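>>> dropping the sequence and predicted coords here.
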Amino acid sequence: MNIEKVFAEFPLLSSENIVLKKIEDAHLPEVFAIYDNEKVFEYCGIIPKHNIQTVGKMIGHFDRDFQKKNRVKWGIFQKSHSDKLVGIIEAMDFNQKVNMVTIGYFFAEDYWGNGLATDAVNILVKFLIEEVNINRIQAEVMPLNEASKKVLLKNGFFKEGLLRQATLWSGKGVVDLEIYGLLKEEYKGN
């Protein structure tokens, strides 16, 4: 794992339709619109935030986590909408001993179902495997989150199993989680 590829400077990633880049204070209205929506976090271990000042502080925490080399939270910006922030994707739990990372993502409700999540995961997987040299990428998904499972399967992930009552998620209590994984040797590229 070439961890410096991730944390030396904030990675800017893109495809034809979207850009993954650092979330700045100027993006507060769009970030707040995402965190303020209960539906966005129905299947996430995140509690919605209904106070704009709280969300403003969170943007600072995103940068702090990056500086500590704990996690990277990219804003997902749609090129066709003048760089509007439409979602967030992250890489976390960098386990250098087994060369593994966990990813997660969520989108503003207006941008569900149009392929942006599949595109964002594709860009991130490409970066993590081809440039950072990660061997295993995994995602934890609540069993009822069919949309997220489809995104992962489209990107070559395999459902590896169900962890029963194994994780405490904020706002949800103890939950079952399905684990999806992708190994470097299974990665097809594009």
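Yep, it's here.
>>> what's the spacing between residue 17 and residue 120?
With the distance defined as CB to CB, to the nearest Å, residue 17 ends up 10 Å from residue 120. (Each C-beta comes from the backbone N, C-alpha and C, glycine too.)
>>> more crowded one of these two?
residue 120 (27 against 15; other CB atoms under 10 Å).
>>> so the more buried one touches residue 105, yeah?
Yes: with contact defined as CB atoms under 8 Å, residue 120 reaches residue 105; the gap is 6.1 Å.
>>> tell me where this protein has strands.
13-14, 18-22, 71-78, 84-95, 100-107, 136-141, 158-169, 173-183 (DSSP state E).
>>> redo these as CSV? Include mean neighbour count and mean pLDDT.
Output for the strands of the chain, formatted as CSV (neighbours: other CB atoms under 10 Å; pLDDT from 0 to 100):
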stretch, mean neighbour count, mean pLDDT
strand 13-14, 15, 96
strand 18-22, 21, 96
strand 71-78, 22, 96
strand 84-95, 20, 95
strand 100-107, 21, 96
strand 136-141, 20, 97
strand 158-169, 12, 95
strand 173-183, 17, 96
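>>> TSV for these, including distance to residue 5?
What follows is the strands of the chain, written out as TSV (distance: least, CB to CB, whole Å):
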stretch	distance to residue 5
strand 13-14	11
strand 18-22	14
strand 71-78	11
strand 84-95	11
strand 100-107	12
strand 136-141	14
strand 158-169	25
strand 173-183	18
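>>> for those strands, which one sits closest to residue 126?
Closest to residue 126 of the strands of the chain, according to CB to CB: strand 13-14, at 8.0 Å.
>>> hmm, who's touching that closest one?
19, 20, 21, 74, 79, 123, 124, 127 (CB atoms under 8 Å, 6 or more residues apart in numbering).
>>> ok, the closest residue to the fifth one other than its chain neighbours - contacts?
This means residue 79. Among residues not flanking residue 79 along the chain, residue 17 sits closest, at 5.8 Å (CB to CB, 6 or more residues apart in numbering). Residue 17 makes contact with 78, 79, 80, 116, 119 under the criterion CB under 8 Å, 6+ apart.
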